[in-house]
Structure formats: C-alpha cells, structure tokens
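K.L.:
Got a sequence here, can you model it:
(one chain, ligands or ions: 1)
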Amino acid sequence: MQVAPVPPHDHVPAREPLAPKHAHQELALEVRDLWAGYPGQPAAVRGVSFVVPAGEMVGLVGPNGAGKSTLFKSILGLIELLRGEAIAFGRPVRAARDDIAYMPQVEEVDWAFPVSVLDVVLMGRYHRFRPFGRWSRTDHDRAHEALERVNLAEFAGRQAGQLSGGQRRRVLMARAIARGARLLLLDEPFAGLDAAAQHELLQILDGLVRDGNSILVATHDLSCVMSSCDEAVCLNREVIAAGPPAEVLTPEILSETFHMHLVTVGALGVQVAGFYPPASARSESGRAS
Ligand code: ADP
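P.N.:
Numbers count the residues shown, from 1 in each chain. Got it, this is the predicted structure:
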C-alpha cells in the first residue's frame, strides 16, 4: 500500500477543450466560452468550453464552490449568461429544452411536501402538461416506466418524504427519465450515498448511456468517473483540463483542480483515496471540499 502526498504544482495548463473523437460525431451538448455568475460578484464560471458527445457520459469534477451547479443552471438558462453559449443537439438550449433533463442536488428539493413518489416523477412531464388538463395515459405510462427503470416501481404510491436518501436520488432520476430527454444533467447524484446505493445508481446511468442517452454528471467521486465516464472535465471556475479520465485524473491536474495534494492508495489513477490540503490551501476557506 502506498500513501503519497503529491508535491504542489504552480500551474497546470488547461488542455484543449473536449472535442468529438470523430469528425461527424453528434454532440449532445456544446458549451462555448461560457461565463456566468451572480449579481455583484465576480463571474462564478469563466470561459468554460467543452462538449458532451452523443451517447457518452462525461464527468464534471471539481471541489465545492467550483461552479458546477452554476454551470448547470447557466446551461439550462436558469441563470443569465454573461458571455458564451450552450448548444444542445445543434440548437440553442432554449430551443432544445424537451431534449434535456436536469436532476438538481437532492437538498434543493422540499421532501416534506406531501406528494407521492408518482407525483414527483410526473413532474418530469410538466412540459407536456396543458393548463387545467390532466395527466394523460402516456404521462402515467412514462412515469411508471421510469420508476421501473430505477427499481422503485412498488414505491409509486409512497409519500416521497418517507424514502431513504438513495431512494430519493433514484426518484429524482426517474423524474429526469420520465421527461423523455436524450441529455441528462445530473448534479451530484452520488453525494452521501453508501457504496451499494452508489453502485445501483451507476448501473442505472450505464444502462441509460447504453440506450444512447448522453449524460453530464457533476460529482466528487473520482472512482465513478474513472470507472464509468467516457470523458472527464475538471472545473474550478474555469476548465483546468478535459479529456479521457485516465489522462485527466492525474495527481497534477487534480491538485490544480482541488487546490490540494492528492493522496492515493494503490496504483495512481486507479484508486483515489482523498485529498490532503497543503499548508497554503488550509487557510483558504470555501475553495476546497
Ligand atoms: P459547486 O456546485 O461546484 O459547489 P456553485 O456553482 O454552487 O459551486 O458555486 C459557485 C460559486 O457561486 C460559489 O462561490 C457560490 O458561493 C456562488 N453561488 C452559488 N449560488 C449562488 C447564489 N444563488 N447567489 C450568489 N452566489 C452563489
């Protein structure tokens, strides 16, 4: 067993933005020089460019405060862009909304609200809901199919607030699936899950990608990115590096991304145990998770 703090690096140059491997590969998402933030503050994400090729899973890696949620919200148009653009399936995102599903962090949902699991999943179909209308048979079918896909079919009538953390995550996943979108943006779906729940969720994601869907998943879990993602994007306000996980999740790039020394157990890049803050980072608050 090897436990090796990696010396800090002053600067790791950003690599070329992710580019499609094949000239004619369809892009589910193309983010070009995107800047976004909040009033009265410096831009939270700056000059971000990368792509999600259709049928691939891309892992978005970065510490708390790196701008991952801001990036998702700006891609979706929930936050106004300061500069740049996001293109989904060749169209501006606002014209491709039906093709995109977003799964927020589990904390952003009010689980005390008295609704059933099926109600939560049906919310994924709101874009098809007519004012004063009722859910159609198709809406119900899609919602039940989505619940089956996440192994929660028998929980449809259960109060959403009664579910465990892992089940809540799967309900949100079902809501995203029920939307019928081809591109899923998932914000920290593994956070706080135990190994079994994480594995179950990862299998669901793998299945969705096998069926041709595209996924952008923000996560701290480097082993998930290494094992399951086709590409990785390291973000800390700006893109530090992007490319195949084995090339991007290196100690040097992760140190630059997390502003920490990487502590590994076993072969570098295969098992990642955690981070050890260098003295210079310990005084920085809010930068590193
Ligand atoms: P991450 O998802 O990587 O943890 P965020 O996108 O949540 O990062 O945060 C990026 C930066 O934007 C942080 O400095 C955070 O404090 C700030 N921020 C996030 N949400 C808001 C908000 N609603 N209003 C003002 N600042 C925000």
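
K.L.:
Could you list the residues of the stretch 1-150 of the chain in contact with the ligand?
P.N.:
With CB under 6 Å from any ligand atom as the criterion, the stretch 1-150 of the chain meets the ligand at residues 38, 41, 44, 62, 64-70. C-beta here means a position set from N, CA and C on the backbone, and glycine is covered the same way.

K.L.:
For the residues you listed, which ChimeraX command selects only the ones that are buried?
P.N.:
Remark: buried members of those, expressed as a ChimeraX selection using 16 or more other CB atoms under 10 Å:
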select :44,62,65,66,67,68,69,70
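
K.L.:
residue contacts, Arg94?
P.N.:
Gly77 (CB atoms under 8 Å, 6 or more residues apart in numbering).

K.L.:
Checking it next. Helix, strand or coil?
P.N.:
With DSSP: H, G, I helix; E, B strand; the rest coil as the basis, the three-state label of Arg94 is helix.

K.L.:
The residue nearest to the spatial centre of the chain: helix or strand, and which one exactly?
P.N.:
Nearest to the mean C-alpha position of the chain, counting by CA atoms, centre = their mean, stands Val217 at 2.2 Å. In the assignment (DSSP states H and E), Val217 maps to strand 214-219.

K.L.:
Please name the strands paired to that strand in the sheet, noting orientation.
P.N.:
Using DSSP bridges, strand 214-219 pairs in its sheet with strand 57-61 (parallel), strand 183-187 (parallel).

K.L.:
Name the stretch among the ones you listed that sits most buried.
P.N.:
Most buried of the strands paired with strand 214-219, by mean neighbour count (mean count of other CB atoms under 10 Å): strand 57-61, with a mean of 26.

K.L.:
How about residues contacting the helix or strand just after that one?
P.N.:
Sequence order places helix 68-75 as the next helix or strand after strand 57-61, per DSSP H and E. Outside helix 68-75, the residues within contact range by CB under 8 Å, 6+ apart are 29, 31, 34, 36-38, 44-45, 48, 60, 62, 79-81, 86, 93, 102, 105, 185, 187-188, 216, 218, 235.

K.L.:
what's Arg169 in contact with, if anything?
P.N.:
106, 189-190, 193, 197, 201.

K.L.:
Could you pull out the strands in this protein for me?
P.N.:
Secondary structure of the chain, counting by DSSP state E: strands at 27-36, 45-53, 57-61, 81-88, 91-92, 100-103, 183-187, 214-219, 231-236, 238-243, 261-264, 272-276.

K.L.:
quick one on the thing from earlier: hang on, the residue nearest to the centre of the chain packs against Val58?
P.N.:
Yes. If you go by CB atoms under 8 Å, Val217 and Val58 touch, sitting 7.3 Å apart.

K.L.:
Show me whatever sits in contact with both of these two.
P.N.:
Common neighbours of Val217 and Val58 (criterion: CB under 8 Å, 6+ apart): Cys229.
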